[in-house]
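Asker: Quick one, fold the following:
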Amino acid sequence: MKKTVRLILGDQLNSNHSWYETVDDSITYVLMEIRTETDYATHHIQKVLGFFSAMRAFAKELKSKKNNVIYIQLNDENNLQSFDKNIDFLITEHNFSRFEYQFPDEYRVDEHLKNFCKTLSISSSVVDSEHFFTTREELGIFFEGKKTFLLESFYRAMRKKHDVLMEGEKPINGQWNFDSENRKKLPKNHKPTPALIFNNDVSEILNEVKKTNIKTIGSVDAENFVWPINREQSLVLLDFFVKECLHLFGSYQDAMTPNEWSLYHSRISFSMNIKMISPQEVIDKAVSEWQKRPEEIQFNQLEGFVRQIIGWREYMRGIYWLKMPEYASLNYFNNQEKLPEWFWTGETKMNCVKDAIKQSLDYGYAHHIQRLMITGNFALLAGVNPDEIDAWYLGIYIDAIEWVQITNTRGMSQFADGGIVGTKPYVSSASYIDKMSHYCGSCYYKKAIKTGEKACPFNSLYWNFYDKNEDKLGKNPRIGMMYNVWRKMQPEAKVAMLEQADYYLKNINKL
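Answerer: Numbers count the residues shown, from 1 in each chain. All right, here's what the predicted structure looks like:
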């Protein structure tokens, strides 16, 4: 009997894949915990434990359905710690005559497996992961010949193609985008719905990791791991979101407040990004809940969520495959500074940054505005090298896989791509942070002060950023108003602002 070995990557835990429609005794599935995947970045300990726990649960599920499964654990004696070496060993050991795998989502792994297949003496093939709404090439084809890659036009095309929130050729309620209704600050005494968390015991895996010299960041309560580690739990979390959080998701999706790490966000990105649940079923579930409760769930709440899934997520993946590998080295502003030391500890006097970083260290999670307008905003204003902030985001967040992380970080957050993803840099002074959060009132620094003692660092760094990059940004129509304000400022006020920024940049690790 000719035998086939099929590789399942740690982010390919899709139990609805056509591979598993029939059980075939000639096919063996292999999953592996390997050092090449734990060590290419310094990962949050919860990210490592989340991946390994979910992989083990998936292998157990496949075995329960009578599939042949080989699972290579991190410290197994025969673990050669890389995909190619382990597969080579298994081919020889089990006399496999064919190797198959699914398209990886990371360029790095894709190249590795393509090159590996060229070395094989047996036949090999690759199939789609059957997860996304789009192919790798679809966005590139859609924007072929265009100078700009406008998300909104891509989003509308996706809505039409997949018949999501449509009435014939027109959007439901006659409008494509309700983003203007989704920028509310959390009311002062509003208590958000408590986060649904799980109590998974991952202490056994933690002990295995501790036996190695794998470098990790962050903390974990290993006996009460809060993240879903299988499809069943992922569906429970999705159900909780649509029933308990969707009705206020849109309104407060950009809001920030101390000691509330979840708010009304779904927190299903980890489950989706490792394919325990699909974007199709996520959208179907949300739309179905809205249809059941149209009086309770306003349409703007639903549309804002759907846009993140079928618009933003697919768009970022399309940009990734269109622009890699060059994208990973783009540095439009030629920023070269090191990441401040307190990015690894949260020990800073800036309330907003401290809260976002400490939350990230505690949970391996922060929502998109914390990432974009707090940590990312500060890093860009401080001139941090995109490689530094890239590695930090990739490592610290449990849902960070390069295809979605690097385009958000290097593009949206750091404008290192010069405007491929965003039409302007996403920077702000204290005024925006105060508008969307409750951080400023109790902060050591004062939001209204631009220079002098206790002046909020975001204020002077904001104007310093525009001054420093006027040659590259001065003609950008989306930020012309800011340059008009800067040019009209009194010369002595400008000097004071730039001197304040210079002082903060030279003493950045003490902020």
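
Asker: mind listing the helices for the stretch 151-300 of the chain?
Answerer: Applying DSSP state H, counting those that start in this stretch to the stretch 151-300 of the chain gives helices spanning 151-161, 203-210, 231-240, 246-249, 269-273, 279-292, 299-306.

Asker: With respect to Asn335, which of the ones you listed lies nearest?
Answerer: With CB to CB as the measure, helix 151-161 is the member of the helices of the stretch 151-300 of the chain nearest Asn335 (24.2 Å). (C-beta placed from N, C-alpha, C; glycine too.)

Asker: Could I get the buried residue list for that closest one?
Answerer: Leu151, Phe154, Tyr155, Arg156, Met158, Arg159 (16 or more other CB atoms under 10 Å).

Asker: and Met436, what is it in contact with?
Answerer: Listed by CB atoms under 8 Å, 6 or more residues apart in numbering, the contact set of Met436 reads Arg183, Lys185, Asp254, Ala255, Met256, Ile369, Met373.

Asker: What is the burial count for the fifth one?
Answerer: Applying the criterion other CB atoms under 10 Å, we find 24 residues in the vicinity of Met256.

Asker: rewinding a little: which of the contacts of Met436 are buried?
Answerer: Among these, those classed as buried by 16+ other CB under 10 Å are Lys185, Asp254, Ala255, Met256, Ile369, Met373.

Asker: Would you check which pair of those residues lies furthest apart?
Answerer: Across the buried ones among the contacts of Met436, the longest distance by CB to CB is 13.0 Å; it joins Lys185 and Met373.

Asker: what is the mean pLDDT for the one helix or strand Asp502 maps to?
Answerer: Here Asp502 sits within helix 491-506, counting by DSSP states H and E. Helix 491-506 shows a mean pLDDT of 95.

Asker: do stretch 447-459 as well
Answerer: Per-residue pLDDT over stretch 447-459 has a mean of 95.

Asker: how long is it from one end to the other?
Answerer: Across stretch 447-459, the terminal residues are separated by 8 Å (CA to CA, to the nearest Å).

Asker: again, but for stretch 117-134
Answerer: 25 Å.

Asker: What residues sit buried inside that stretch?
Answerer: Residues Cys117, Ser124, Val126, Ser129, His131, Phe132, Phe133, Thr134 are the ones in stretch 117-134 that count as buried (16+ other CB under 10 Å).

Asker: and the lengthiest helix in the chain, how far from the chain's centre?
Answerer: For the chain, the helix with the greatest residue count under DSSP state H is helix 45-64. Centroid displacement of helix 45-64 relative to its chain, using CA atoms, centre = their mean, to the nearest Å, is 20 Å.

Asker: Can you tell me which of the contacts of Met436 is closest to Glu100?
Answerer: Out of these, the member with the shortest distance to Glu100 (by CB to CB) is Ile369, at 41.0 Å.

Asker: And for Asn334, the neighbour number?
Answerer: Look at Asn334: counted by other CB under 10 Å, it has 11 neighbours.

Asker: Which strands and helices lie in contact with the helix or strand containing Val69?
Answerer: If you go by DSSP H and E, Val69 is part of strand 68-72. For strand 68-72, the packing partners by 3 or more CB pairs under 8 Å, 6 or more residues apart in numbering; DSSP states H and E come out as strand 27-32, helix 45-64.
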